[in-house]
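Colleague: Let me see the structure of the following:
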Amino acid sequence: MTKQKSPFENRNLCGKNVARFRNLLADHPSQEKLAAKMQLKGLNINKNAIQRIECGKRMVTDRELDAFSQIFNVPVDELLYGPKDEA
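Modeller: From the prediction side, this is the model:
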């Protein structure tokens, strides 16, 4: 029996914005360097997890969302829904 694809293939709201804000940082960190910054915040996350988040294939915990918000210096709302000037 094959597993049916869910109509909700995208598992998070913030993935595209995580990629966007990562590329807007002054040091333009790689996914690996962003994972290292997350690890400094006490989160067990690696480059592959960052890639899956950015592609919408992995859910994001509230702690991860908070850490992204701190690293990117943006409100959680902007991670979820995009920059306010785009709303």
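Colleague: Regarding the spatially most central residue of the chain, what is its secondary structure?
Modeller: In the chain, the C-alpha nearest the mean C-alpha coordinate belongs to Val18, at 3.9 Å (CA atoms, centre = their mean). Per DSSP: H, G, I helix; E, B strand; the rest coil, the secondary structure class of Val18 is helix.
Colleague: how close does it sit to Asp62?
Modeller: For Val18, the distance to Asp62 equals 14 Å [CB to CB, to the nearest Å]. C-beta: built from backbone N, CA, C; applies to glycine.
Colleague: what about Pro29, distance to Phe21?
Modeller: The gap separating Pro29 from Phe21 is 11 Å, by CB to CB.
Colleague: Looking at those two, which is more packed in?
Modeller: For Pro29 versus Phe21, the count of surrounding residues by other CB atoms under 10 Å is larger for Phe21: 20 against 16.
Colleague: who's in contact with the residue lying closest to the more buried one once chain neighbours are set aside?
Modeller: With sequence-adjacent residues excluded and distances taken as CB to CB, 6 or more residues apart in numbering, Phe21 is closest to Phe72, at 4.1 Å. Counting by CB atoms under 8 Å, 6 or more residues apart in numbering, Phe72 makes contact with Phe21, Arg22, Leu24, Leu25, Leu79.
Colleague: what about 10 Å?
Modeller: If you count contacts by CB atoms under 10 Å, 6 or more residues apart in numbering, Phe72 has them with Asn17, Val18, Arg20, Phe21, Arg22, Leu24, Leu25, Leu34, Lys37, Glu78, Leu79.
Colleague: Next, format these as a markdown table and append pLDDT.
Modeller: Shown next, in a markdown table, are those (pLDDT from 0 to 100):
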| residue | pLDDT |
| --- | --- |
| Asn17 | 98 |
| Val18 | 98 |
| Arg20 | 97 |
| Phe21 | 98 |
| Arg22 | 98 |
| Leu24 | 96 |
| Leu25 | 96 |
| Leu34 | 99 |
| Lys37 | 98 |
| Glu78 | 97 |
| Leu79 | 98 |
